[in-house]
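Chemist: Take a look and give me a structure for this.
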Amino acid sequence: MAETLTLELVDPERVLASEPVEMVVLPGVEGDFGVLPHHAPLVSLLRPGVIRLYEGAKVTRRIFVAGGFAEVGEQGCIVLAEGAEPVDQLDRAAVEQALKDAEEDLADARAPSEEERARLERAVAIARARLEALTAPVV
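Modeler: Sure, this is the predicted structure:
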């Protein structure tokens, strides 16, 4: 069996993963990055996107995260997500409706404050990333 690292993935409501993996690919704010056993320690912010868990060269699970941060250390990788859900549990119709609603909310906002505009733009970005998670090929 290949060497593994421990992935701990939690969101505010639950633990989504606590398991050994051969590799995990995370959606960092500066681009996707892979973590293997004995990776150099780091902390990274995460953008909305998909975390991919690997065994060998095969993706075994895909989990959408709405953002958060990851810490890589000697014991493995810990991801604290703002929100997370397995990609295979996403409902395409609900995701498309959420994107439409978020885009309409942004378009309808009349002179929003900077904070409100940022919140609305983030909701659109998360909704777009969720839809992309459903349509992107598994790699």
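
Chemist: Domain parsing of the chain, as residue ranges.
Modeler: For the chain, automatic domain parsing gives the domain ranges 5-87, 90-135.

Chemist: what's the average pLDDT for the first one?
Modeler: Which is domain 5-87. Domain 5-87 comes out with an average pLDDT of 95.

Chemist: residue contacts, the one residue sitting closest to the centre of the chain?
Modeler: The centre of the chain sits closest to V65, judged by CA atoms, centre = their mean, with a distance of 2.5 Å. If a contact means CB atoms under 8 Å, 6 or more residues apart in numbering, then V65 has 9, 11, 27, 46, 48-51, 79, 81-84 as its contacts. Placement of C-beta: from N, CA and C, glycine included.

Chemist: Repeat that for E22.
Modeler: Applying CB under 8 Å, 6+ apart, we find E22 in contact with 2-5, 36-37, 54-56.

Chemist: now, the most widely separated pair of the residues you listed?
Modeler: Spanning the widest gap among those are L5 and G56, at 14.3 Å by CB to CB.

Chemist: Between those two, tell me which one has more neighbours.
Modeler: Just comparing L5 and G56: by other CB atoms under 10 Å the higher neighbour count belongs to L5, 20 against 9.

Chemist: now for the lengthiest helix in the chain, which elements pack on it?
Modeler: If you go by DSSP state H, the chain has its longest helix at helix 114-135. Other helices and strands packing on helix 114-135, by 3 or more CB pairs under 8 Å, 6 or more residues apart in numbering; DSSP states H and E, are strand 49-55, strand 58-65, helix 92-108.
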